[in-house]
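Engineer: Here is my input; please provide its structure:
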Amino acid sequence: MNLAMERSEKSPSKKGSRIPREELILTHLPLVHYIVERMLIYTPPTLDKEDLIEAGIMGLIDAVDKFDPQRNISFATYAKFRIKGAILDQLRNLDWMPKLLRQKARELERVFLELEQKLGHPPSDETVSEALGISLEEYYQLIHQLKGIGMIYLDDLIDTTGESNTSVLDRIAYSDDEEILESVFSKELISILAKAIEQLPEREKLVISLYYFDEFTIREIGEILGLAKSTVSELHTKALLRLRAKLRYTLKKEDRCG
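Structural biologist: Got it, this is the predicted structure:
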């Protein structure tokens, strides 16, 4: 992070020393481009990157207008959530994934889960394609088509029908890490997810770690692992499909037991 951005993190929180609105926006434009680069892992090649950048800029402007300098949080941290939220809204509004493709994703999740339970370890690509009754090439094409299936929208997952009108993005942005886990995700769900990640094939687990915990872009992960960006994206998609299958299965089982 450059010095200008570091100063802008602190300056808005000091009463009477607020950076001009235009300067704050311009200083954080690189943050928009960085977030868009990271989120390309979710998008099909047919999607215009410039549309996502435009949405991200609108999120940044929204962050500038709504940021509360009295809160104990840096502006850059708050802006990240606003920018990501605006981009996710743009992707959701496009609704580019057909219903038939969503059904194929559910079928693939089911096969991943059933084979892993039968074999005692994550199945190979060859085993999965054989179970689906398709060629290995068709299987890889399907994975490519399902690139964005793993996106999670917090407002869709969390019940916000209570008395508070504060959005989920605001609740996350104005909380520290511990509060995020407690207020947005239950500790039990976090435990289930952590266990599921540990059971992923090694390369998929590494991609998940580098992307979500170290916050590298697809290009950077490819350079670290010596892989093409398309391969990184493929590993990410397969990992998310496995995780979704395990989460659904575990939560349904607990509902039945409960």
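Engineer: going forward, measure contacts between C-alpha atoms and count neighbours the same way
Structural biologist: Will do.
Engineer: packing partners for the longest helix along the chain?
Structural biologist: Longest helix of the chain, by residue count under DSSP state H: helix 229-257. If you count contacts as 3 or more CA pairs under 8 Å, 6 or more residues apart in numbering; DSSP states H and E, helix 229-257 packs onto helix 99-119, helix 136-145, helix 187-198, helix 202-208, helix 218-225.
Engineer: Pull out the CA atoms of the second one and give them to me as CSV.
Structural biologist: What it means is helix 136-145. Output in CSV follows, covering the C-alpha atoms of helix 136-145 (Å, rounded to 0.1, in the frame of the first residue of the first chain):
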residue,chain,number,x,y,z
LEU,A,136,-12.5,-35.9,-19.5
GLU,A,137,-12.5,-33.0,-22.0
GLU,A,138,-16.3,-32.4,-21.5
TYR,A,139,-15.7,-32.5,-17.7
TYR,A,140,-13.1,-29.7,-18.0
GLN,A,141,-15.4,-27.7,-20.2
LEU,A,142,-18.1,-28.0,-17.5
ILE,A,143,-15.7,-26.8,-14.8
HIS,A,144,-14.9,-23.8,-17.0
GLN,A,145,-18.6,-23.0,-17.5
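Engineer: how much does that helix deviate in direction from helix 99-119?
Structural biologist: In this structure, helix 136-145 runs at an angle of 120 degrees to helix 99-119, with axes from the mean of the first three to the mean of the last three CA atoms, to 10 degrees as the basis.
Engineer: Equivalent analysis for the last one, please.
Structural biologist: Orientation note: helix 218-225 sits at an angle of 30 degrees relative to helix 99-119 (the same axes, to 10 degrees).
Engineer: ok and helix 218-225 relative to helix 229-257, angle-wise?
Structural biologist: Using the same axes, to 10 degrees, the inter-axis angle of helix 218-225 relative to helix 229-257 is 100 degrees.
Engineer: Just the buried positions in helix 218-225, please.
Structural biologist: Judged by neighbour count (16 or more other CA atoms under 10 Å), helix 218-225 contains these buried residues: 218-222.
Engineer: So Ile73: helix, strand or coil?
Structural biologist: Of the three states, Ile73 takes coil according to DSSP: H, G, I helix; E, B strand; the rest coil.
Engineer: ok, it - how many residues close by?
Structural biologist: By other CA atoms under 10 Å, the residues close to Ile73 number 18.
Engineer: May I have the phi/psi pair for it?
Structural biologist: As for Ile73, its main-chain torsions (degrees, to the nearest 10) stand at phi -160, psi 150.
Engineer: Domain parsing of the protein, as residue ranges.
Structural biologist: Dividing the chain into domains by automatic domain parsing, as the record does, gives the ranges 3-94, 99-149+186-257.
Engineer: Just put those domains in JSON lines and tack on mean pLDDT.
Structural biologist: As requested, those are arranged in JSON lines below (pLDDT from 0 to 100):
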{"stretch": "domain 3-94", "mean pLDDT": "79"}
{"stretch": "domain 99-149+186-257", "mean pLDDT": "88"}
